[in-house]
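Student: predicted model and sequence below, questions to follow.
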Amino acid sequence: MAGHSKWAQIKRQKGVNDIKKSKVFSKYSKLISLAARKGADLSMNPDLRTVVDKAKAENMPMDNIQRAIDKGSGKLGGAALESVRYEAYGHGGAAIIIDSITDNTNRTVSEIKHLLSQNGGKFAQQGSVLWAFNFTDGKPKPVTEVEISEQDKELLSALTEALEEHDDTQEVFTNAK
């Protein structure tokens, strides 16, 4: 029975779950901090209340939520977070929009460019991809969809997955069918 340890199996599974939780908590912390810039009072800031409710639904600890609110409202100081949107083209000519929240835009843009070049994507100038999307409630809805081959779908999927795993990335949208 060498190599069959119940604790090792639990430890491995817990490690995977902890990594997933950490990424989710990190994304919600940034969203909370960004929303808290408009005010730290949940009753007066509906955007903050919505994000906090979503974070609580993901079982984010109240200490983490309060720390993010304090950071966003300026109580803790530190670097200010800002929301940025990057545009790119992926496999098969698919348009990609990458929404991020960062405290260092220079670092984030270079990391996004690196991920794109590693996975066959191309960074696009601002405004060159937006025409392919309709914005409702601040979220892009594709106006025109591009049909791409199965091989391009697999490559595009790998690209969007790499972009979504980036710490500063909040959401990735594409117009591929």
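Tutor: Cool, the structure landed.

Student: counting residues, which helix of this structure comes out longest?
Tutor: The longest helix of the chain (DSSP state H) is helix 6-36.

Student: show me what counts as buried in it.
Tutor: Of all the residues in helix 6-36, those buried under the rule 16 or more other CB atoms under 10 Å are 25, 27-36. Bear in mind the C-beta positions are built from the backbone N, C-alpha and C, glycine included.

Student: again with stretch 83-99
Tutor: By neighbour count on 16+ other CB under 10 Å, the buried set for stretch 83-99 is 84, 86-92, 94-99.

Student: and it, how far from the chain's centre?
Tutor: Centroid separation for stretch 83-99 versus its chain: 13 Å, with CA atoms, centre = their mean, to the nearest Å.

Student: mean confidence score for that stretch?
Tutor: Along stretch 83-99, the predicted confidence averages to a pLDDT of 93.

Student: can I get that stretch in CSV, CA atoms only?
Tutor: Extracted in CSV, the C-alpha atoms of stretch 83-99 (Å, rounded to 0.1, in the frame of the first residue of the first chain):
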residue,chain,number,x,y,z
SER,A,83,-10.4,49.4,-13.7
VAL,A,84,-8.8,48.9,-17.2
ARG,A,85,-10.1,47.3,-20.4
TYR,A,86,-7.7,45.8,-22.9
GLU,A,87,-8.6,44.7,-26.4
ALA,A,88,-7.1,41.9,-28.4
TYR,A,89,-7.6,39.5,-31.3
GLY,A,90,-7.4,35.8,-30.9
HIS,A,91,-7.4,32.7,-33.2
GLY,A,92,-9.7,32.8,-36.2
GLY,A,93,-10.0,36.6,-35.9
ALA,A,94,-12.1,36.5,-32.8
ALA,A,95,-12.3,39.8,-30.9
ILE,A,96,-11.4,39.7,-27.2
ILE,A,97,-12.2,42.2,-24.4
ILE,A,98,-10.2,41.8,-21.2
ASP,A,99,-11.6,43.6,-18.1
